[in-house]
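# Fold the following for me, if possible:
(4 chains)
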Protein chains: 2
Amino acid sequence: MGLKLAEEFASNLVKVETEAALGEALGQVSRRLEFDHFALTLQARTSTDGPPDLLLHDYPDEWARVYINFELAGRDPVQRACDKSLTGFEWDHIERLIPLTRGDRQMLAVGRECGIGDGYTIPRHLPGEARGTCSFAVRPGANLPRPLLMATEIIGALGLACAHRVSGLVRKPSRPALSDRQRECLLWAARGKTAAETAIILGISIETVIQHLKLARERYDVHCRQSLILNALFDGLIGFSDIFRRRRPD
Amino acid sequence: MGLKLAEEFASNLVKVETEAALGEALGQVSRRLEFDHFALTLQARTSTDGPPDLLLHDYPDEWARVYINFELAGRDPVQRACDKSLTGFEWDHIERLIPLTRGDRQMLAVGRECGIGDGYTIPRHLPGEARGTCSFAVRPGANLPRPLLMATEIIGALGLACAHRVSGLVRKPSRPALSDRQRECLLWAARGKTAAETAIILGISIETVIQHLKLARERYDVHCRQSLILNALFDGLIGFSDIFRRRRPD
DNA sequence: GAAGCCCTCCCCAGTTCTTGGTATATCGCC
DNA sequence: GGCGATATACCAAGAACTGGGGAGGGCTTC
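Numbering: from 1, shown residues only, chains lettered A, B, ... in the order given. Sure thing, here's the model as predicted:
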């Protein structure tokens, strides 16, 4: 039964060419999945000339307003948890993924007041290109349609793939590449080393390290060290395992 | 029928604690999905070169030897296509995702000679943490079990999540927590703002922002901004979604 | 009510980073 | 050979960060 729904949804999406049509299709399928609401987000990394981020949802107006305000503070725990899970997850289990601050709990409580209860979110990440989430929620007090969660997982993924397609984001592989030396300096910077320390480690002059980082910043079109590191990390140019060296001394 | 298989697989995986047991489970499920082979890779370090941290497969010996000896992992078009797709894909459709070079085609041909025909690969990425792929293949001449591909998609994702779990790459999310204000300052710092800019944004004095960041650094026992940000990011206290989020998409 | 945390603000000395230059040498490619 | 990319090295000014102090008010908890 769930699979049939997913297959039907997939064949519907083939025809979808606009964001509005996708929103429509998601709204319909979320009802048939026994959810009350859906929300789909898709963001690109680069701040330059890229298409604007995509947000489709049928949340209650009140919650949407609140959400925009909260969003400015950047504190949606569901979105944060998306960076920690390979598969969809129930919001009730979010603490298995990330720590919740007081503000986080407050936000979830406000959500319940606005008519958003438990939910299920499907995350996807394409290094250097995009990051998307697709959530389905039920009203407070209602239970998630557990027998349908696997179908939900598929449907969310299909929705995200469709969003990626219609967003026009697909043909922008412009991921700035760094030279080996630049990446090396960047890596030591990410490990918390100063330019002077990196110079000693690599056996070159401080000025050279500074120059490498300078050019790397230009490539990414950012003007500070932390943004450079975060962009490289998001793109997969460096990884946490490189930074914290948990395994593979290498 | 397909979903039932996925649910059964999911309940099996709960008990799996070792890589070997996961390989066993994947082998069994791939047969029931009407595939002839499977392969699962997981890389902690996200740069594409070098061998994966985890490799489970039941490919023919011959192909495995070729693959490893020639270090084809870095050149594998299937692996490359994984960076371009949000969902699983059939190898036959790989040209929709990436251009194929002559070497790529040659490699696929060698695979067929070794007993690997068409296949379906499920890619997953966790920003900064891991990159994984789960492939299922049929022998040359055989057709993919198209009615089961959606189930395959789920099963691959479950396998990857399980691999991620047993690989020891996950960290418990109960690290030094920051106060909400500290987190907020940290977040703006991660967005590339200086203390002065953050002060204006939050409507407080520069000194206060500096103080929040100072105490946050002490909590994490690091002495520079970039390490603070990376630690908080890794712990899930902030997320990429927070950092790269656009202002007011409306 | 005292202890503890959080948020706010201030000062200062020293260090580090960022940005703007310039310069040499090597390497591969057309 | 010229061109572009890369790696190396240097200088200087100004902005930003780091680490060391201190201090008051609000809130919760015991």
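
# What segments of chain A are helices?
A:2-15, A:19-32, A:61-73, A:77-81, A:102-113, A:149-166, A:180-190, A:195-202, A:206-220, A:225-235, A:240-244 (DSSP state H).

# Just tell me which of those helices ends up closest to residue B:208.
Among the helices of chain A, helix A:61-73 comes nearest to residue B:208, with 16.4 Å by CB to CB. Heads up, the C-betas are built off the backbone N, CA and C, glycines and all.

# Just put the helices of chain A in TSV and tack on mean neighbour count.
Output for the helices of chain A, formatted as TSV (neighbours: other CB atoms under 10 Å in any protein chain shown):
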stretch	mean neighbour count
helix A:2-15	16
helix A:19-32	18
helix A:61-73	15
helix A:77-81	24
helix A:102-113	16
helix A:149-166	24
helix A:180-190	20
helix A:195-202	16
helix A:206-220	17
helix A:225-235	25
helix A:240-244	21
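
# For these, give me JSON lines that also has mean pLDDT.
Listed next are the helices of chain A as JSON lines, based on pLDDT from 0 to 100:
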{"stretch": "helix A:2-15", "mean pLDDT": "89"}
{"stretch": "helix A:19-32", "mean pLDDT": "95"}
{"stretch": "helix A:61-73", "mean pLDDT": "76"}
{"stretch": "helix A:77-81", "mean pLDDT": "88"}
{"stretch": "helix A:102-113", "mean pLDDT": "82"}
{"stretch": "helix A:149-166", "mean pLDDT": "93"}
{"stretch": "helix A:180-190", "mean pLDDT": "91"}
{"stretch": "helix A:195-202", "mean pLDDT": "92"}
{"stretch": "helix A:206-220", "mean pLDDT": "92"}
{"stretch": "helix A:225-235", "mean pLDDT": "91"}
{"stretch": "helix A:240-244", "mean pLDDT": "77"}
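
# Let's have those helices in a markdown table, adding distance to residue A:143.
Below are the helices of chain A laid out as a markdown table (distance: least, CB to CB, whole Å):
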| stretch | distance to residue A:143 |
| --- | --- |
| helix A:2-15 | 16 |
| helix A:19-32 | 15 |
| helix A:61-73 | 20 |
| helix A:77-81 | 18 |
| helix A:102-113 | 14 |
| helix A:149-166 | 11 |
| helix A:180-190 | 43 |
| helix A:195-202 | 54 |
| helix A:206-220 | 45 |
| helix A:225-235 | 36 |
| helix A:240-244 | 36 |
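
# Which of those helices sits closest to residue A:88?
helix A:149-166 (4.7 Å).

# and that closest one, how far out from the chain's middle?
Centroid displacement of helix A:149-166 relative to its chain, using CA atoms, centre = their mean, to the nearest Å, is 14 Å.

# now do stretch A:185-205
On CA atoms, centre = their mean, the centre of stretch A:185-205 falls 30 Å from that of its chain.

# End to end on it, go ahead and measure it.
Using CA to CA, to the nearest Å, one end of stretch A:185-205 lies 12 Å from the other.

# hang on, the earlier thing: any chance of the helices of chain A in JSON lines with distance to chain B as columns?
Shown next, in JSON lines, are those (distance: least, CB to the nearest CB, whole Å):
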{"stretch": "helix A:2-15", "distance to chain B": "5"}
{"stretch": "helix A:19-32", "distance to chain B": "12"}
{"stretch": "helix A:61-73", "distance to chain B": "6"}
{"stretch": "helix A:77-81", "distance to chain B": "4"}
{"stretch": "helix A:102-113", "distance to chain B": "5"}
{"stretch": "helix A:149-166", "distance to chain B": "5"}
{"stretch": "helix A:180-190", "distance to chain B": "6"}
{"stretch": "helix A:195-202", "distance to chain B": "11"}
{"stretch": "helix A:206-220", "distance to chain B": "11"}
{"stretch": "helix A:225-235", "distance to chain B": "4"}
{"stretch": "helix A:240-244", "distance to chain B": "4"}
